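Enquirer: My questions are about this predicted structure, shown below with the sequence.
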Amino acid sequence: MKKTLCAVLALTLCLSFSLVGAETEAFPLNSWQQINQSIERGEDWQRFVEDTSAFQLGALAPLEGSEGLFIGQWDTYPSIDGSTVCVPMAMEWARQWLNLAEEDLNGFVNFSSTPNAYARLAQGKPNPMVTIASQGIMMDDTHPIDLVVGTGPNADERQAAADNGLNLVMVPICCDAFVFIVNSDNPVDSLTADQIRGIYGGAIRLWSEVGGQEGITIEAYQRPHGAGSQTAMEEMVMDGFQLVAAQENYISTGMGDLIRQVGNYDNAPTAIGYSYLYYVNGLYKSGSVKVLAIDGIEPTDENLQSGAYPFTVNYFAVYDEGNETSAAFVEWLVSDEGQACIAQAGYVPLR
């Protein structure tokens with residue numbers, strides 16, 4: 001029976017993916033397409049939330065015409081969507097509050113990537129892909145998402161929210177490093193922030209200009225406008241400098257795609273790209289890329305919490321000001337208990 005339930009829910013998910021794909025064709029349909037690592041709780045996992053009454057799911061209703069299948073209702077636990085890089089922390093929250101089995105976490109935390117999540121939040125759309133397969137539950141796919149977790153919205157996304165009457169609240173919940181990666185065979189180990197801006201602004205075109213091999217052209221990969229990492233590149237790294245548009249074949253649809261392209265054997269002496277440290281180290285591992293220091297500073301936990309690393313970033317919990325469910329949940333996220341859960345998922349807490 002359990003296998004049958006899972007098969008039915010899997011078919012439902014496939015149908016949901018086809019519907020979501022129409023939202024933003026330039027980006028992956030869901031974040032699991034850009035993750036190549038298994039995300040499971042560690043052997044030293046701890047339970048921090050003892051009283052789980054504050055954030056719960058609601059009642060179940062039978063799925064009409066399908067024996068043993070149910071529609072689950074959202075209640076005090078928010079419906080969440082967000083950035084690929086934040087999937088593991090959302091899985092940890094579900095472990096802590098909802099006591100979900102490991103086998104159910106991939107279906108319950110089914111993020112659609114940064115631009116799709118912000119589009120859904122602005123337009124009052126649901127996340128139609130959330131399931132608890134072992135219990136035969138598909139969560140209500142008409143309930144608009146309450147909360148986006150991930151990189152901050154760009155100017156277009158902020159404007160879209162305002163145009164739809166939302167007053168976004170953005171609360172930082174942890175730290176990470178925005179990093180630049182090159183092929184592991186590239187002799188360059190560090191670049192300055194100015195050199196990065198020179199490369200992506202078109203003033204520096206050869207690796208020999210920054211300590212690399214003679215006669216090798218720099219091939220600078222980018223993400224599409226609207227991707228979380230592209231927003232960081234445009235608004236934080238370039239910091240008012242003009243970002244030269246990349247050629248079409250140097251634009252990577254997903255973060256995993258970018259890592260594959262930079263690490264490609266043919267690109268050993270040439271390619272550079274960018275991502276987030278947590279993603280490179282934990283979600284899409286590749287032995288063929290390395291992370292560069294910036295201004296000689298490594299992106300260690302200490303350098304992120306102190307702000308010494310030049311491109312330190314936050315991940316945010318973002319919601320409409322009037323959403324009381326999200327406000328209460330975010331208050332927990334920044335509490336000592338919430339920060340301990342975020343740290344257990346492998347992220348750098350705020351303190």
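Expert: Received, thanks. Keep in mind that this is a model prediction, so the values were computed, not measured.
Enquirer: From here on, just use CA atoms for contacts and neighbour counts.
Expert: Noted.
Enquirer: and after the helix or strand bottoming out on mean pLDDT in the chain, which helix or strand comes next?
Expert: Across the helices and strands of the chain, the lowest-confidence element by mean pLDDT, DSSP states H and E is helix 2-20, at a mean of 43. For helix 2-20, the succeeding helix or strand toward the C-terminus, using DSSP states H and E, is strand 60-62.
Enquirer: in its sheet, what does that next one sit against?
Expert: Sheet pairing of strand 60-62 (DSSP bridges) gives strand 70-72 (antiparallel).
Enquirer: which other residues reach the partner strand?
Expert: 57-63, 136-140 (Cα atoms under 8 Å, 6 or more residues apart in numbering).
Enquirer: following that strand, which helix or strand comes up?
Expert: Using DSSP H and E, the helix or strand that directly follows strand 70-72 along the chain is strand 80-82.
Enquirer: which is the next helix or strand following that next one?
Expert: Using DSSP H and E, the helix or strand that directly follows strand 80-82 along the chain is helix 87-98.
Enquirer: ok, and for that following helix, which residues are buried?
Expert: The neighbour-count check on helix 87-98 (16 or more other Cα atoms under 10 Å) flags 87-97 as buried.
Enquirer: Let me have those residues in TSV, extended by pLDDT and distance to Leu304.
Expert: Shown next, in TSV, are these (pLDDT from 0 to 100; distance: Cα to Cα, whole Å):
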residue	pLDDT	distance to Leu304
Val87	96	20
Pro88	96	19
Met89	97	18
Ala90	98	21
Met91	97	23
Glu92	98	22
Trp93	98	23
Ala94	97	26
Arg95	97	27
Gln96	97	26
Trp97	98	28
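Enquirer: In terms of residue numbering, what are the domains of this protein?
Expert: According to automatic domain parsing, the chain is divided into the following domains: 2-173+317-349, 176-312.
Enquirer: State the mean pLDDT of the shortest one.
Expert: What that stands for is domain 176-312. Here domain 176-312 scores 91 as its mean pLDDT.
Enquirer: I'd like the distance between the closest residue to Glu102 other than its chain neighbours and Ile137.
Expert: Excluding its sequence neighbours, the residue lying closest to Glu102 (Cα to Cα, 6 or more residues apart in numbering) is Glu40, at 6.8 Å. When distance is defined by Cα to Cα, to the nearest Å, Glu40 is 21 Å away from Ile137.
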